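**Q** missing the sequence, but the structure's below:
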């Protein structure tokens with residue numbers, strides 16, 4: 001169980017997912033975001049282990065509303081372009 005009072009400086013993917021959910025209500029896992037793009041920065045240790053700096057998770061979580069707003073605007077522009085070119 002991840003103790004939010006005593007967080008280590010780096011978290012594995014599962015711990016990072018729990019951290020983001022408990023601290024910010026973000027339900028997407030960092031692993032999914034790493035594949036899709038746009039997720040928090042991470043470090044790869046060895047061939048399989050991925051670590052997330054807690055500071056990077058915090059910074060990413062705090063910029064997420066702005067990023068989602070930009071994505072929504074981009075989608076609206078694309079939809080309007082699609083409807084005008086049809």
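**A** Here it is on my side, so go on. Every value quoted in this text rests on a predicted model; they were computed, and no experiment measured them. Numbering: from 1, shown residues only.
**Q** Show me the helices in the protein, by range?
**A** 13-24, 30-36, 54-85 (DSSP state H).
**Q** Now do the second one: which elements does it pack against?
**A** Put plainly, it is helix 30-36. Packing partners of helix 30-36 (3 or more CB pairs under 8 Å, 6 or more residues apart in numbering; DSSP states H and E): helix 13-24, strand 49-53. Placement of C-beta: from N, CA and C, glycine included.
**Q** Save these as JSON lines, and put in mean neighbour count too.
**A** As requested, the helices and strands packed on helix 30-36 are arranged in JSON lines below (neighbours: other CB atoms under 10 Å):
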{"stretch": "helix 13-24", "mean neighbour count": "18"}
{"stretch": "strand 49-53", "mean neighbour count": "17"}
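**Q** Out of those, which gets the lowest mean score?
**A** Confidence, taken as mean pLDDT, is least for helix 13-24 of the helices and strands packed on helix 30-36 (a mean of 87).
**Q** Packing partners of it?
**A** Going by 3+ CB pairs under 8 Å, 6+ apart, helix 13-24 lies up against helix 30-36, strand 49-53, helix 54-85.
**Q** Find out how far the first one is from the centre of the chain, if you would.
**A** Shown here is helix 30-36, whose average C-alpha point lies 7 Å from the average C-alpha point of the whole chain (CA atoms, centre = their mean, to the nearest Å).
**Q** pull the helix or strand with minimum mean pLDDT from the protein.
**A** helix 30-36 (a mean of 70; mean pLDDT, DSSP states H and E).
**Q** ok, residues contacting it?
**A** The list of residues contacting helix 30-36 from outside it, by CB atoms under 8 Å, 6 or more residues apart in numbering, reads 13, 16-17, 20, 39-40, 42, 50, 52, 57.
**Q** Lovely, talk soon.
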